[in-house]
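# Sequence and computational prediction follow.
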Amino acid sequence: MSLYEQISAYCIRHKIRLAEKRVIVADQLLVADEFTDGDTLWRDMRSRGIKISPATVYESLNWLVTAGFAERRFAADSRKNLFGIPEPVRNTLTS
């Protein structure tokens with residue numbers, strides 16, 4: 001099952017609206033293939049032509065963490081939060 005399908009199924013189960021921006025942020029985390037901070041993720045998205053605000057990126061990241069699709073870690077060398085797709089979620093993904 002793709003990440004989009006998993007997020008869609010989660011939203012249906014919990015009777016919440018599927019916000020496409022959340023899926024876009026999740027996909028970009030998947031492409032990043034490593035944990036990254038929200039600002040770097042936002043800059044990468046903007047450089048790819050994705051129009052999204054920093055606030056929407058952070059709101060989406062927080063939602064993804066709460067829903068279990070992303071993980072938050074703290075950088076050892078700074079006070080930044082790093083976000084990424086955890087291995088258990090990656091292992092459930094199919095093309």
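Looks like it came in fine.
# where's the closest residue to residue 34 other than its chain neighbours relative to residue 32, distance?
Nearest residue to residue 34, sequence neighbours excluded (CB to CB, 6 or more residues apart in numbering): residue 84, at 6.4 Å. In short, each C-beta sits where N, CA and C put it, glycine included. Residue 84 sits 7 Å away from residue 32, going by CB to CB, to the nearest Å.
# ok, now residue 44?
Applying CB to CB to residue 44 and residue 32 gives a distance of 7 Å.
# now do residue 72
14 Å.
# Also residue 54?
16 Å.
# Can you spell out which helices and strands pack onto the helix or strand where residue 41 lies?
Here residue 41, judged by DSSP states H and E, is contained in helix 38-47. Counting contacts by 3 or more CB pairs under 8 Å, 6 or more residues apart in numbering; DSSP states H and E, helix 38-47 packs against helix 20-32, helix 54-67, strand 81-84.
# just those: most buried one?
strand 81-84 (a mean of 20; mean count of other CB atoms under 10 Å).
# Centre of the chain to it, how far?
9 Å (CA atoms, centre = their mean, to the nearest Å).
# packing partners for it?
helix 20-32, helix 38-47, helix 54-67, strand 71-74.
# circling back to that earlier point, who are the neighbours in contact with the residue nearest to residue 34?
29, 32, 34-36, 70-71, 73 (CB atoms under 8 Å, 6 or more residues apart in numbering).
# Buried ones only from those, please, as a ChimeraX command.
The ChimeraX command for the buried members of the contacts of residue 84 (criterion: 16 or more other CB atoms under 10 Å) is given here:
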select :29,35,36,70,71
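# circling back to that earlier point, what's the angle from the helix holding residue 41 to helix 20-32?
Interaxial angle, helix 38-47 versus helix 20-32 (axes from the mean of the first three to the mean of the last three CA atoms, to 10 degrees): 100 degrees.
# how many degrees apart are helix 38-47 and helix 54-67 in direction?
Between helix 38-47 and helix 54-67, the angle comes out at 120 degrees (the same axes, to 10 degrees).
# and helix 38-47, average pLDDT?
Computed over helix 38-47, the mean pLDDT rounds to 95.
# For it, could you pull out the residues that count as buried?
38, 41-42, 45.
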